[in-house]
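Engineer: okay, here's the prediction I keep looking at, along with the sequence it came from:
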Amino acid sequence: MNTQETNREIKNKVNQLLTEMTLEEKIGQMTQVDFAVIAVPDELNADDPVDKAKLEEAVLKYHVGSILNAPFTPHSKAQPVETWRKVIQTVQAVSAKSRLKIPLIYGIDAIHGATYTQNSVLFPQAINMAATFNPELSFREGEITARELRASGLQWNFSPVMDIGRQPLWPRLWETYGEDVHLATVLGTSYIKGHQGNDYSAINKALTCLKHYVGYSFPINGKDRTPAWIGERMLREYFLPTFEAGVKAGSPTIMVNSAEVDGIPGHANYHYLTTILRDEMGFKGFTVSDWADIKNLHKRDQLAATEKEAVKMAVMAGIDMSMVPFDFSFYQLLLELVKSGEVPKARIDEAVSRILTVKYQAGLFDPKAPVLRVEGNFSTAEAIETNRQAARESIVLAKNANNVLPLKKESRILVTGPTANLLSVLNGGWTITWQGDDESLYPQDKLTVFKAIQNKSKGKVTYVGGNSFADGIDIQKAVQEAESHDIVVLCLGEKPYTETAGNIDSLNLDPEQINLAKAMIATGKPVVLVMLGGRPRIISGIAEQVSGVLLGFLPGMEGGSAIADILYGDYNPSGRLPISYPRNTNDIVMYDHKPMEAFEFNTYNPLYPFGHGLSYTTFQTGGLMLERDKINKGDNINMTVTVKNTGTVKGKETVLLYLNDIAASVSRPKKQLKAFKKVELEPGQAESLSFTLTPFDLSFIGVDLKRIVEPGDFKVIVGDETALFSVTDQ
Ligand code: BGC
């Protein structure tokens, strides 16, 4: 059957079902509750975490259409794959007992692999995936995550985060693909395609959810869930395109911004949720609220005088499903609102038909659909190897004075610092638990930075440090030990976190870490700094005085091994920064800044710029040639450039192609990334790369807030070369 036929058939089925459903059943479909609502109390420590009576109450009495999250003990935590299969089976068995046998859709956060299934393959976080500049790896991550979810009986992933990371204080920066719109678009859509394939009902594919629509990532004060002020031009230029691309790539669900933009909370924003998302972008799937955010319109935002008014506001703004999450208040209030005529039945039918359509598309209505086998699909050797490669490509070598790296296998290494011997600091939030900070739950066969160095080394390796991030480090002892070692590997950074728990007041590192760094530098031994964590914490003073700097961010479960691979030269680093790494706490300027941000006394002066990343070999990029120097508006323009490995070892190089619109009716960035390609080259090998820029690449949001291409001159920038072309208005 072709897609059109399938779509028509699904539409008929949904319409038929709608005629059979009671109002209660419809509103239940719009209700999503947390696992806690159907859980056996923790104290009972039962084998089966589902309380059947509670589940039946939720599904048969309240007609709940969706459940999310993992069992609580006392926080959601990863469960064995068999437990998940059983839980989902139990849930669907109860839905099969309901009058119309409408299946539930179970949602889970699997943002770098199947977070809540024990021993899953946990990839580098999104900020690292962006640093790979390798869409193929992002595609593979999507594929592997979907497979592991399906092997766990799960089918709906609250991922990818399509927010743009332009506020480095924000505790979810690392969940984004960085500051650049083009990079985030390419990486995010590759992930979606790998995750969903052409048909997400396939046995090894699963649905994605774009989040958090829109503007969530740009809080003015840097704290999670606080206001952003984003003018409509900026919104359309920087924050909407990734979501639009995600919709085009086929993601059928969208989670809404938990905070507010321009004074309007995301969950009450009709303009964003309906006018832009539906009328302009043509999104056909369903929207889901974020955690308790309809209640928040009343309780937190004081936008609605009562919770009932909040439900009305959110549903009328365009929310289709409410992540309530702990009670049935949404169901009850919405029922009252429809009965009293305050919310029209047509709006309910619209929301429910969207939800049912996705459920049909996902194949959920097929009771005989087999569950993917665990064997051969879960935590396979091949997936682990892909993960290790992703981790390697995601680490940025930012400084390598006097070729301190690669290390010699015989060197005697002192490893110290709060991030040196923990797995949690490599993974960050959404790892096994929500905050990712329970080290005791991490798989013991994975390697920390220290252990990975120890494994590879043929010399003496000593660790000075504690057993947790908070443990103080005996600086005196570290200084003494340094004496008998050749090199110090100093691991600094952040403990794991996400959301409001990760709020900070400054990007500065804590004084203990600075003191340790100063003491290590003062030993006179060469120091290699390894930074781990989700944000660019300020290291300028330290970076100046150490010999080497590796920016590891959150490279995932294979991160320790990957860092050791790079330190010893078993892998030639190829990661590039997906953000501008600030030099000072308040000098937050993005690479695609406006001309006035680098004019007269103003400068773009980060510690490391966007796109920065060194290699153990050298590359030369040159011979930039445009096929034409003049095109008509609406045409593509082709160009080529040659890249050569001019060093002595094999390596991967990413060629970044930027564009500048030389004069425009709205001020344009000095340069903006429009294309990139990553190639692997043997020493002496050269390759010619071709690029095509489309009208979209030349466009911007004009004075009237519409996307336009303006005739005039454009500059292409690749490495040290530039080339001009003009666009005419024919
Ligand atoms: C987060 C979302 C997440 C949801 C469900 C919220 O607190 O903001 O990103 O998907 O919880 O766990």
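Structural biologist: Alright, I've got the coordinates.

Engineer: the bottom helix or strand of the chain by mean pLDDT?
Structural biologist: Among the helices and strands of the chain, helix 3-20 carries the lowest confidence by mean pLDDT, DSSP states H and E, at a mean of 92.

Engineer: for that one, packing partners?
Structural biologist: Applying 3 or more C-beta pairs under 8 Å, 6 or more residues apart in numbering; DSSP states H and E, we find helix 3-20 packed against helix 345-361. No exception for glycine: its C-beta is placed from N, CA and C like everyone else's.

Engineer: what does the stretch 401-550 of the chain have sitting close to the ligand?
Structural biologist: Taking C-beta under 6 Å from any ligand atom as the contact definition, the stretch 401-550 of the chain meets the ligand at Glu499.

Engineer: ok, now the chain?
Structural biologist: Within the chain, the positions lying close to the ligand (C-beta under 6 Å from any ligand atom) are 68-69, 109, 158, 211, 255, 258, 290-291, 499.

Engineer: domains of the chain?
Structural biologist: Annotated domains of the chain cover 110-361, 383-598, 619-728 [automatic domain parsing].

Engineer: adding distance to Trp84, mean neighbour count and mean pLDDT, write these out as JSON lines.
Structural biologist: Below are the domains of the chain laid out as JSON lines (distance: least, C-beta to C-beta, whole Å; neighbours: other C-beta atoms under 10 Å; pLDDT from 0 to 100):
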{"stretch": "domain 110-361", "distance to Trp84": "4", "mean neighbour count": "23", "mean pLDDT": "98"}
{"stretch": "domain 383-598", "distance to Trp84": "14", "mean neighbour count": "21", "mean pLDDT": "98"}
{"stretch": "domain 619-728", "distance to Trp84": "35", "mean neighbour count": "16", "mean pLDDT": "98"}
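
Engineer: can you lay out those as TSV showing distance to Glu56?
Structural biologist: As requested, the domains of the chain are exported to TSV (distance: least, C-beta to C-beta, whole Å):
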stretch	distance to Glu56
domain 110-361	14
domain 383-598	28
domain 619-728	51
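
Engineer: out of those domains, nearest to Arg373?
Structural biologist: Arg373 sits nearest to domain 110-361 of all these, at 7.0 Å, using C-beta to C-beta.

Engineer: follow the chain on from the host helix or strand of Val549 and name the next helix or strand.
Structural biologist: Element membership for Val549 (DSSP states H and E) is strand 548-553. Once strand 548-553 ends, the next helix or strand along the chain (criterion: DSSP H and E) is helix 559-567.

Engineer: quick check: angle from that following helix to strand 548-553?
Structural biologist: Orientation check (axes from the mean of the first three to the mean of the last three C-alpha atoms, to 10 degrees): helix 559-567 against strand 548-553 gives 150 degrees.

Engineer: show me the contact partners of helix 559-567.
Structural biologist: Residues from elsewhere that reach helix 559-567 (C-beta atoms under 8 Å, 6 or more residues apart in numbering): 124, 388, 391-392, 394-395, 397, 405-407, 423, 426-427, 446-453, 455-456, 489, 528, 530, 532, 550, 552, 555, 570-573.

Engineer: hang on, Met281 packs against Val247?
Structural biologist: Yes: contact criterion C-beta atoms under 8 Å: Met281 and Val247 qualify, at 5.3 Å.

Engineer: toward the C-terminus, what is the element adjacent to the least confident helix or strand of the chain?
Structural biologist: By DSSP H and E, the next helix or strand past helix 3-20 is helix 23-29.

Engineer: next, count neighbours for the residue lying closest to Ser66 once chain neighbours are set aside.
Structural biologist: Excluding its sequence neighbours, the residue lying closest to Ser66 (C-beta to C-beta, 6 or more residues apart in numbering) is Gln32, at 3.9 Å. Residues lying near Gln32 (other C-beta atoms under 10 Å) number 25.

Engineer: just the one 5 residues further on next, same as before
Structural biologist: By the criterion of other C-beta under 10 Å, Val37 has 21 neighbours.

Engineer: can you tell me how far it is from the ligand?
Structural biologist: Going from Val37 to the ligand by C-beta to the nearest ligand atom, to the nearest Å gives 14 Å.

Engineer: tell me the contacts of the nearest residue to that residue once chain neighbours are set aside?
Structural biologist: Among residues not flanking Val37 along the chain, Ala58 sits closest, at 5.8 Å (C-beta to C-beta, 6+ apart). Counting by C-beta under 8 Å, 6+ apart, Ala58 touches 33, 37-38, 64, 67, 328.

Engineer: let me know the secondary structure of Ala58.
Structural biologist: Look at Ala58: counting by DSSP: H, G, I helix; E, B strand; the rest coil, its state is helix.

Engineer: numbering from 265 from now on, please.
Structural biologist: In the new numbering, first residue 265, that becomes Ala322.

Engineer: Ile965 bridge partners, please.
Structural biologist: In this structure, Ile965 bridges to Arg971 when assessed by DSSP bridges.

Engineer: find the closest residue to the ligand in the stretch 365-514 of the chain.
Structural biologist: Proximity of the stretch 365-514 of the chain to the ligand (C-beta to the nearest ligand atom) peaks at Phe422, 3.7 Å away.

Engineer: please apply the same query to the stretch 565-714 of the chain.
Structural biologist: Ranked by C-beta to the nearest ligand atom, the top residue of the stretch 565-714 of the chain for proximity to the ligand is Met587, at 6.5 Å.

Engineer: thought that residue was touching Val552?
Structural biologist: Yes: using C-beta under 8 Å, Met587 is in contact with Val552, at 5.9 Å.

Engineer: which residues do those two both contact?
Structural biologist: Both Met587 and Val552 are in contact with Gln296, where contact means C-beta under 8 Å, 6+ apart.

Engineer: which ones are touching Asp463?
Structural biologist: By C-beta under 8 Å, 6+ apart, Asp463 lies in contact with Lys469.

Engineer: report the separation between it and Ala410.
Structural biologist: 12 Å (C-beta to C-beta, to the nearest Å).

Engineer: now do the shared contacts for those two.
Structural biologist: In contact with both Asp463 and Ala410: Lys469, using C-beta under 8 Å, 6+ apart.

Engineer: now the helices for the stretch 465-614 of the chain?
Structural biologist: Here the stretch 465-614 of the chain has its helices, by DSSP state H, counting those that start in this stretch, at 496-498, 505-512, 534, 557-563, 571-581, 593-603, 609-625.

Engineer: same check, this time on the stretch 715-864 of the chain
Structural biologist: Counting by DSSP H, counting those that start in this stretch, the stretch 715-864 of the chain has helices at residues 739-747, 775-786, 804-809, 823-831.

Engineer: surely Gly329 and Gln293 touch.
Structural biologist: Yes: if you go by C-beta under 8 Å, Gly329 and Gln293 touch, sitting 3.6 Å apart.

Engineer: who's more crowded, these two?
Structural biologist: Gln293 (28 against 25).

Engineer: tell me the pLDDT at that one?
Structural biologist: pLDDT for Gln293: 99.

Engineer: OK, contacts around it?
Structural biologist: 327, 329, 366, 585, 615-616, 619-620.

Engineer: next one: the residue of the stretch 565-714 of the chain closest to the ligand from Leu401, what distance?
Structural biologist: 30 Å.

Engineer: and if you look at Gly915?
Structural biologist: Note on Gly915: its distance to Leu401, by C-beta to C-beta, is 16 Å.

Engineer: quick one: Ile540 from the ligand, how far?
Structural biologist: Going from Ile540 to the ligand by C-beta to the nearest ligand atom gives 21 Å.

Engineer: cool, and Leu988?
Structural biologist: From Leu988 across to the ligand, the span is 44 Å (C-beta to the nearest ligand atom).
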